[in-house]
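**Student:** This is a predicted model, with the sequence first.
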Amino acid sequence: YTVTINGSASHPIPSTLYGWMWEDINSGDGGLYAELLQNRAFQQVTPQTPGALYAWSAVGGASLSVVDSTVTPSLSTALPNSLRVQIPPKTSGNIGIANSGYFGINVNASWTYKGSFYYKVPVGSTVKGSLTASLASSSGVKLASASVTIRSNATGWTQVQFSFKPKSTPSDTNNVFSVTVDGASTAGQTIYFALFSLFPPTYKNRPNGMRLDLARVLADGQPGVFRFPGGSNLGQSIAGRWNWRNAVGPLTNRPGRLGNWGYINTDGLGLKECLDFAEDLGMTSIMAIWDGYAADGETVPENQLAQYIQEAADQINFVIGDPAKSEPAALRASLGHPKPYPIAAVEVGNEDFFASDTYAAYRWRDFVGNLSVQFPNVQFMATTWIDNPVLNPKAMLYDLHQYSTPTWFAQNSFQYDYYPRDGRKYFAGEYAAISTDPNNLFGSPSQGRMLWPTIEGGFFTSFLPFRIESQVRFIGSVGEAAYMTGLERNADIVFAAAYAPLLQNIANYQWTPNLIGFDAGTVYKSTSYYVQKMFSLNKGDEYLPSTIPSQSGTVFWSVTRRTATKEVLIKIANTNGTPASLTFNLPYATVHATGTATVLTGAQTAGNSPSAPDSIVPTTTKFNAGKTFTYNAAGWSVDVLSVVAY
Ligand SMILES: [NH3+][C@H]1C[C@H](O)[C@@H](O)[C@@H]1CO
């Protein structure tokens with residue numbers, strides 16, 4: 001291959017080109033959100049049922065029941081449920097409750113944990129002794145504890161706050177948190193509890209913040225854009241929609257809701273937590289508003305839409321409004337952020353091509369028609385197919401989702417080359433090589449669905465109870481890289497892009513493949529994560545036209561420039577097993593003799609998985625550069641070359 005590079009840039013590379021999309025799809029509660037206790041406030045459960053106690057168990061024979069305000073006054077309107085603990089008569093030893101966390105609790109002796117819970121006792125209680133919060137290993141080794149004296153006159157909700165540092169770091173995450181009392185001094189008594197919480201240190205020490213290791217992996221990708229809070233998780237039903245008012249302020253104001261992915265969202269990772277995280281990572285936000293259509297098919301009729309348009313206006317005002325003029329903006333200021341947050345676009349719904357008739361007939365029109373008057377500087381993004389239907393007001397931004405086969409990505413890196421240059425811009429808001437069966441992309445693993453991204457192929461059978469050797473597959477980390485060279489070539493109209501979904505709790509997940517896996521104690525970076533990181537760290541700030549790759553070929557490249565460092569950045573995706581020799585002609589008088597290559601490559605069925613998390617990681621090597629140089633790209637490889645030239 002001979003690639004001649006043009007020295008004058010055709011278009012800028014927007015800082016927002018690469019970034020993360022996040023929705024709670026096995027990824028917020030128990031994942032990026034650092035709260036360690038699952039079902040911490042018994043949100044959205046049915047009182048007096050065993051299911052209401054998920055993640056909790058009795059210690060020492062206590063009898064437990066989740067109760068609501070019909071039994072005892074609630075902690076708050078948003079949190080109507082509490083936990084009734086009845087201590088058996090004539091008992092002794094530790095009695096109380098234990099929480100198993102989100103499939104484990106990561107206990108680290110170098111961390112100080114901060115916890116809290118509420119308790120109260122019935123009038124006339126004669127409880128004595130201490131309330132002890134502790135962490136213990138599954139074998140019962142006590143790792144940390146903190147005690148307070150229980151007060152028999154605490155007949156109203158009383159918050160206990162504590163912190164502790166574990167004495168040691170256990171070898172695994174099978175640990176439990178418990179709150180116990182001394183059986184002898186509380187025998188036959190009843191104690192109520194509500195809203196437990198236990199946090200490890202968080203990213204940038206933000207209260208109610210993000211899990212350190214996951215946040216750092218996301219920060220390492222130097223993302224420029226952050227899409228939240230969905231994705232499908234915007235709402236399974238009208239009543240269960242994502243509602244910003246229920247996701248800001250004190251946890252006692254957050255009722256939680258049944259998310260789209262089959263579990264209850266605490267909404268502890270809420271609107272301000274997302275905006276603060278975006279700010280911490282230098283990301284501009286693409287924020288979704290719920291647009292009157294729920295995944296269960298419920299659609300708000302036009303004559304009832306006003307309250308939801310107002311809700312969206314308030315949500316936008318929370319983000320960018322003037323505290324002196326808007327109550328939601330004043331609320332933002334009161335929560336510690338008087339300045340507006342940066343926002344790239346407000347996305348109207350998610351994948352609304354499922355209900356594009358009402359989207360076009362009135363939902364897009366009424367939401368954007370009203371909101372664009374209130375917020376003339378906000379760009380609204382459509383989530384239907386381009387011009388199908390035609391939208392009024394005209395949509396200038398579209399969020400396009402691409403789930404397909406690895407070969408599709410390699411063969412469609414020219415997708416945006418053919419889009420009209422008419423002022424409209426595109427967000428490749430979700431994309432991933434997801435299956436090898438183009439006719440059944442969302443099927444099961446036995447039908448071709450990928451469990452884990454890999455360089456080229458192979459399910460991560462470590463997830464499966466059986467080996468499926470025959471399922472050697474061509475997956476797309478390299479295909480995705482080929483596609484991304486097209487995003488850079490077309491960054492004059494593609495202003496942002498994100499792989500999806502972002503995070504996967506490997507102990508309990510609803511979708512595969514995902515970019516980054518995790519369990520209670522470890523983060524697993526896929527080969528697709530490394531591709532995202534290699535491209536994002538080397539996106540440069542302007543695109544240099546060069547010899548166009550063959551659209552039907554197997555080797556793809558893009559050339560950008562980082563003007564501040566005078567680096568030419570060449571990205572190569574070799575989407576088959578045959579090594580490729582590329583000769584580059586640079587248009588600069590001075591070109592350093594040596595360049596740096598970051599290479600991700602692996603054998604046909606290699607990849608990363610929890611059992612082999614670092615099988616394939618990027619390696620950095622030097623290569624001989626110069627005005628003209630030849631570089632050999634290994635088979636199945638993504639190569640990012642950097643050379644200073646001017
Ligand atoms: N169904 C996919 C498309 C939707 O927008 C996301 O919630 C899902 C996974 O990323």
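**Tutor:** Yep, that arrived.
**Student:** Check which element follows the lowest-mean-pLDDT helix or strand in the chain along the chain.
**Tutor:** For the chain, using mean pLDDT, DSSP states H and E, the weakest element among its helices and strands is helix 406-411, scoring a mean of 89. Counting by DSSP states H and E, the element after helix 406-411 in chain order, helix or strand, is strand 425-433.
**Student:** Which neighbouring elements make contact with that following strand?
**Tutor:** With contacts taken as 3 or more CB pairs under 8 Å, 6 or more residues apart in numbering; DSSP states H and E, strand 425-433 sits against strand 343-348, strand 397-404, helix 406-411, helix 477-489, strand 494-499. Placement of C-beta: from N, CA and C, glycine included.
**Student:** and the angle for it with strand 397-404?
**Tutor:** Comparing the axes of strand 425-433 and strand 397-404 via axes from the mean of the first three to the mean of the last three CA atoms, to 10 degrees yields an angle of 20 degrees.
**Student:** Partner strands of strand 425-433, with direction?
**Tutor:** strand 397-404 (parallel), strand 494-499 (parallel) (DSSP bridges).
**Student:** Is residue 296 in contact with residue 232, as I believe?
**Tutor:** No. Between residue 296 and residue 232 there is no contact under CB atoms under 8 Å: 11.1 Å.
**Student:** With neighbour numbers in mind, choose between those two.
**Tutor:** Comparing residue 296 with residue 232 by other CB atoms under 10 Å, the one with more neighbours is residue 232, at 18 against 11.
**Student:** With distance to the ligand and mean pLDDT as added columns, please give the strands paired with strand 425-433 in TSV.
**Tutor:** As requested, those are exported to TSV (distance: least, CB to the nearest ligand atom, whole Å; pLDDT from 0 to 100):
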stretch	distance to the ligand	mean pLDDT
strand 397-404	6	96
strand 494-499	9	98
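**Student:** Need the winner for burial among those.
**Tutor:** strand 494-499 (a mean of 26; mean count of other CB atoms under 10 Å).
**Student:** how big is the angle separating it from strand 343-348?
**Tutor:** Going by the same axes, to 10 degrees, strand 494-499 makes 70 degrees with strand 343-348.
**Student:** if we look at strand 494-499, which residues are touching it?
**Tutor:** Around strand 494-499, the neighbours that count as contacts under CB atoms under 8 Å, 6 or more residues apart in numbering are 14, 16-21, 224-225, 227, 286, 344, 397, 416, 425-432, 480, 484, 487, 515, 528, 532.
**Student:** can you pull the pLDDT of the closest residue to residue 404 other than its chain neighbours?
**Tutor:** When the adjacent residues along the chain are set aside, residue 404 lies closest to residue 441, with 6.4 Å between them (CB to CB, 6 or more residues apart in numbering). With respect to pLDDT, residue 441 scores 92.
**Student:** burial count for residue 441?
**Tutor:** Count around residue 441 with other CB under 10 Å applied: 19.
**Student:** now it: how far from the ligand?
**Tutor:** From residue 441 over to the ligand the distance is 11 Å, taken as CB to the nearest ligand atom, to the nearest Å.
**Student:** so who does that residue touch?
**Tutor:** For residue 441, the contact set (CB under 8 Å, 6+ apart) comprises 403-405, 434-435, 449.
**Student:** Backbone dihedrals for the spatially most distant residue from the centre of the chain, please?
**Tutor:** Distance from the C-alpha centroid of the chain peaks at residue 90, with 49.1 Å (CA atoms, centre = their mean). Residue 90 adopts backbone torsions of phi 50, psi 60, taken as degrees, to the nearest 10.
**Student:** gap between the residue most central in space within the chain and residue 595?
**Tutor:** Closest to where the C-alpha atoms of the chain average out (CA atoms, centre = their mean) is residue 22, at 3.3 Å. Remark: distance between residue 22 and residue 595 (CB to CB, to the nearest Å) = 35 Å.
**Student:** again with residue 415
**Tutor:** 30 Å.
**Student:** More neighbours: these two, which one.
**Tutor:** Counted by other CB under 10 Å, residue 415 and residue 595 do not tie: residue 595 has more neighbours, with 24 against 19.
**Student:** hey, C-alpha coordinates of the one helix or strand the more buried one maps to in CSV?
**Tutor:** Under the criterion of DSSP H and E, residue 595 resides in strand 594-601. What follows is strand 594-601, C-alpha atoms only, in CSV (Å, rounded to 0.1, in the frame of the first residue of the first chain):
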residue,chain,number,x,y,z
THR,A,594,12.2,7.7,14.5
GLY,A,595,8.5,7.3,15.3
THR,A,596,6.6,5.6,18.0
ALA,A,597,4.1,2.8,17.2
THR,A,598,1.4,1.6,19.6
VAL,A,599,0.3,-1.8,18.5
LEU,A,600,-2.6,-4.0,19.5
THR,A,601,-2.5,-7.4,17.9
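**Student:** List the buried residues for that strand?
**Tutor:** 595-601 (16 or more other CB atoms under 10 Å).
**Student:** which one of these sits closest to residue 642?
**Tutor:** Nearest to residue 642, judged by CB to CB, of those is residue 596 at 4.9 Å.
**Student:** State the helix or strand in which the residue nearest to residue 232 when sequence neighbours are not counted lies.
**Tutor:** Spatial nearest neighbour of residue 232, excluding adjacent residues (CB to CB, 6+ apart): residue 260 at 4.5 Å. Using DSSP H and E, residue 260 sits in no helix or strand.
**Student:** now residue 260: how far from residue 26?
**Tutor:** Relative to residue 26, residue 260 is positioned 11 Å away (CB to CB).
**Student:** Tell me the confidence at the closest residue to residue 193 other than its chain neighbours?
**Tutor:** Ranked by CB to CB, 6+ apart and with sequence neighbours excluded, the top spatial neighbour of residue 193 is residue 83, at 4.4 Å. Looking at residue 83, its pLDDT reads 98.
**Student:** show me what contacts residue 83?
**Tutor:** Taking CB under 8 Å, 6+ apart, we find residue 83 in contact with 42, 53, 56, 64-67, 97, 192-194.
**Student:** Can you classify it by secondary structure?
**Tutor:** For residue 83, the assignment made with DSSP: H, G, I helix; E, B strand; the rest coil gives strand.
**Student:** Looking at the stretch 51-200 of the chain, what residue ends up closest to the ligand?
**Tutor:** Nearest residue of the stretch 51-200 of the chain to the ligand: residue 102, at 20.1 Å (CB to the nearest ligand atom).
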